[in-house]
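**Student:** Everything below, folded, please.
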Amino acid sequence: MVRLVGIVICLSAVVAAGCAPKRVGPAGVIAARPPETAPATKGSPTPPPGSLPAPEPLSRSGTGTIPGSQPTPTALGPRAASLAEAQLGKPYQWGAAGPDKFDCSGLVQYVYSNLGVSLPRVSRQQASAGVHVDRADLQPGDLVFFVLSGSRIDHVGIYLGHGQFIHAPRRYSPVRTDSLNNSWWRQRFKGGRRVG
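**Tutor:** I've put the predicted structure just below:
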């Protein structure tokens, strides 16, 4: 009996430690963002409204793991993916971080702040939070980063599984899902991060 109680207490401590949100702060260079994710600067180009591919059907739950990485994929990721999906269809607005309107990094910040995780406000800074995840090892809730114009990260979304991610793409386009397998997004993908 004493041994069984000891095992239960030990398992409870492991589960609590693994699920507790950890604060993630910025680490990296702060730089100006392009027009879709930062204030417009003189002479900055704005992508035309039809420049992004059409959204693809939503699927759930990815596969793969990263041995020894923290936090575990099962801790916070599925909750983040689910909360992000609840924002589908909400309008894009530059500089907005919810709850009714979002830009790309605002959506990510909103989702994770509601789960107790503090993230930087802009996508380029968010790309330094957490731990790196290879594309083949992405799990629901991981952040996915892109370069849409120029040479620096300027867009972020939340991975949902099976190659799908959710994001606030641009003006005149609400929060939606797209596929990393789409050639347009695949060419612009720059990496994933796991936060928690």
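
**Student:** When you work out contacts or count neighbours from here on, use the C-alpha atoms and nothing else.
**Tutor:** Fine.

**Student:** Tell me where the chain has strands.
**Tutor:** Ranges of strands in the chain, per DSSP state E, are 131-133, 143-146, 155-161, 164-167, 176-179, 189-194.

**Student:** Same list (these) but as TSV, adding distance to Ser82 and mean pLDDT.
**Tutor:** Shown next, in TSV, are the strands of the chain (distance: least, C-alpha to C-alpha, whole Å; pLDDT from 0 to 100):
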stretch	distance to Ser82	mean pLDDT
strand 131-133	20	96
strand 143-146	14	98
strand 155-161	8	98
strand 164-167	10	98
strand 176-179	13	97
strand 189-194	16	97
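
**Student:** Pick the most buried one from the ones you listed.
**Tutor:** Greatest average neighbour count among the strands of the chain goes to strand 155-161 (a mean of 29), per mean count of other C-alpha atoms under 10 Å.

**Student:** and that strand, what does it pack onto?
**Tutor:** Using 3 or more C-alpha pairs under 8 Å, 6 or more residues apart in numbering; DSSP states H and E, the elements in contact with strand 155-161 are helix 77-85, helix 104-113, helix 123-126, strand 143-146, strand 164-167.

**Student:** strands paired with the fourth one, and their directions?
**Tutor:** By that I understand strand 143-146. strand 155-161 (antiparallel), strand 189-194 (antiparallel) (DSSP bridges).

**Student:** how many other residues sit next to the nearest residue to Gln109 once chain neighbours are set aside?
**Tutor:** With sequence-adjacent residues excluded and distances taken as C-alpha to C-alpha, 6 or more residues apart in numbering, Gln109 is closest to Leu119, at 5.8 Å. Other residues lying near Leu119 total 27 when counted by other C-alpha atoms under 10 Å.

**Student:** Now do Leu119 against Tyr172, distance only.
**Tutor:** Using C-alpha to C-alpha, to the nearest Å, Leu119 is found at 26 Å from Tyr172.

**Student:** pretty sure Gly130 is touching Arg193, no?
**Tutor:** Yes: between Gly130 and Arg193 there is a contact under C-alpha atoms under 8 Å: 5.9 Å.

**Student:** what number of residues lie near Asp134?
**Tutor:** Using other C-alpha under 10 Å, Asp134 has 13 other residues around it.

**Student:** for it, what are its contacts?
**Tutor:** By C-alpha atoms under 8 Å, 6 or more residues apart in numbering, Asp134 lies in contact with 191-192.

**Student:** Kindly report the same for Val108.
**Tutor:** 84, 143, 156-158.

**Student:** thinking again about what came up before, out of the strands of the chain, which comes closest to Ala75?
**Tutor:** strand 189-194 (10.8 Å; C-alpha to C-alpha).

**Student:** Residues contacting that closest one, please?
**Tutor:** With contacts defined as C-alpha under 8 Å, 6+ apart, strand 189-194 is touched by 70-71, 73, 127-135, 138, 141-147, 153, 180.
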